[in-house]
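Trainee: Make a model of this:
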Amino acid sequence: MTHDSDWEARRVYDPVLRFMHAWNALALIALLATGWLADVFERGPNEALLWKAHILLGYGLIVGLVTRALWGVVGPRHARFSDMWHPRIWIDVVRNRMIRASRRFGHNELASLAYLGVYALILAMGATGLALAAIEHGVGPLSEWLGDATWLKKIFKEPHEVISTVLALFVGVHLIALVVHEWLERNHLARSMLTGIQYRRREQPDHG
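Mentor: Sure, this is the predicted structure:
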C-alpha cells in the first residue's frame with residue numbers, strides 16, 4: 001500500500017494493541033476528570049458518586065495496563081516492549097551524537113522512552129490509588145490490610161496527586177503532538193492507531 005510517491009505504508013499496529021491503546025487512554029482521561037470533579041464538588045451531593053466512578057475506572061485502567069503488559073510480551077513484533085527498547089539511541093541523544101530517530105516502522109525510538117515512562121507512572125498511580133481506595137473508602141483488594149491505616153493516607157495521597165498532574169500534562173502534550181504530526185507533517189500518526197497502517201517518508205537517494 002502507498003500513500004503517494006513520497007510515502008510508503010505498512011500495516012503495523014494489530015487490533016488488540018489498538019483496542020488496548022484506546023481503552024487505556026479513555027480510562028486515564030476519565031480518571032483524571034472524575035478525580036478533578038470530585039475535588040471540585042467536595043462535600044457536595046455527588047462527591048460519593050464521583051469517587052465511586054473514579055475507583056471503578058481505576059480498576060478498569062489496571063486491567064488494561066496488565067493486559068497491555070501481557071500483550072507487550074506475547075503480542076506481534078510492533079506490540080512488544082522490545083519495539084520500544086532503544087537504550088543505545090537514548091545514550092547517543094544524551095551524548096549529542098544524534099538529533100533525531102531513524103525513519104523506521106513501529107514506535108518512534110525517542111518517543112518510546114516517554115511511553116515507557118508513562119507506563120511506569122500509570123503503574124505507580126494504580127498502586128497508590130488502590131491504597132487510597134482502601135484507606136479512604138474501605139474498598140478494593142488492599143482494604144483488608146490498609147482499611148484502618150488512616151495514618152498512611154498522606155504517604156500515598158501526595159504521590160498519587162503529583163503523578164496525576166504529570167500524566168495530565170503528558171496527555172495535553174501528546175494531543176498537541178498528534179495535531180502537529182497530522183496537520184504539519186501529514187504522516188497520519190493519529191490515524192495509524194485507528195487503521196493500524198503507519199506511513200513514513202521514503203528514503204531519498206543521495207545524488208551528491
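Trainee: can you pull out the strands in the chain?
Mentor: If DSSP state E is used as the criterion, the strands of the chain fall at 7-11, 197-201.
Trainee: Out of those strands, the one nearest residue 40 is which?
Mentor: strand 197-201 (39.5 Å; CB to CB). Every residue, glycine included, has its C-beta placed from N, CA and C.
Trainee: by contact count, what packs against the closest one?
Mentor: strand 7-11, helix 189-195 (3 or more CB pairs under 8 Å, 6 or more residues apart in numbering; DSSP states H and E).
Trainee: pLDDT averaged over that strand, what's the number?
Mentor: The average pLDDT within strand 197-201 is 82.
Trainee: Tell me which strands that strand pairs with, and in which orientation.
Mentor: Partners of strand 197-201 in the sheet, by DSSP bridges, are strand 7-11 (antiparallel).
Trainee: Run the chain-centre distance for the strand it pairs with.
Mentor: Distance of strand 7-11 from its chain centroid, counting by CA atoms, centre = their mean, to the nearest Å, is 24 Å.
Trainee: what do you get for stretch 134-154?
Mentor: Per CA atoms, centre = their mean, the centroid offset for stretch 134-154 relative to its chain is 27 Å.
Trainee: residues touching the nearest residue to residue 31 once chain neighbours are set aside, list them.
Mentor: Residue nearest to residue 31 in three dimensions, not counting chain neighbours: residue 57, with 4.8 Å by CB to CB, 6 or more residues apart in numbering. Going by CB atoms under 8 Å, 6 or more residues apart in numbering, residue 57 touches 27, 30-31, 34.
Trainee: Dump the strands of the chain to TSV, plus distance to residue 68.
Mentor: Formatted as TSV, the strands of the chain follow (distance: least, CB to CB, whole Å):
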stretch	distance to residue 68
strand 7-11	20
strand 197-201	19
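Trainee: what's the most buried one of those?
Mentor: strand 197-201 (a mean of 18; mean count of other CB atoms under 10 Å).
Trainee: and residue 129, how far is that from residue 72?
Mentor: From residue 129 across to residue 72, the span is 21 Å (CB to CB, to the nearest Å).
Trainee: Neighbour count for those two, which is higher?
Mentor: Legend: neighbour count by other CB atoms under 10 Å for residue 129 and residue 72, higher for residue 129 (25 against 17).
Trainee: List the residues that contact the more buried one.
Mentor: Neighbours of residue 129 in contact, by CB under 8 Å, 6+ apart: 55, 58, 160.
Trainee: which of these tops the neighbour count?
Mentor: residue 58 (22 neighbours).
Trainee: tell me the pLDDT at the spatially closest residue to it that is not a sequence neighbour?
Mentor: Leaving aside its chain neighbours, residue 58 sits nearest to residue 129 (4.7 Å; criterion: CB to CB, 6+ apart). Residue 129 is assigned 96 on the pLDDT scale.
Trainee: related to what we said a few turns ago, could you dump the contacts of residue 129 into TSV and include pLDDT and distance to residue 167?
Mentor: Compiled in TSV, the contacts of residue 129 are given as follows (pLDDT from 0 to 100; distance: CB to CB, whole Å):
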residue	pLDDT	distance to residue 167
55	97	17
58	96	13
160	97	11
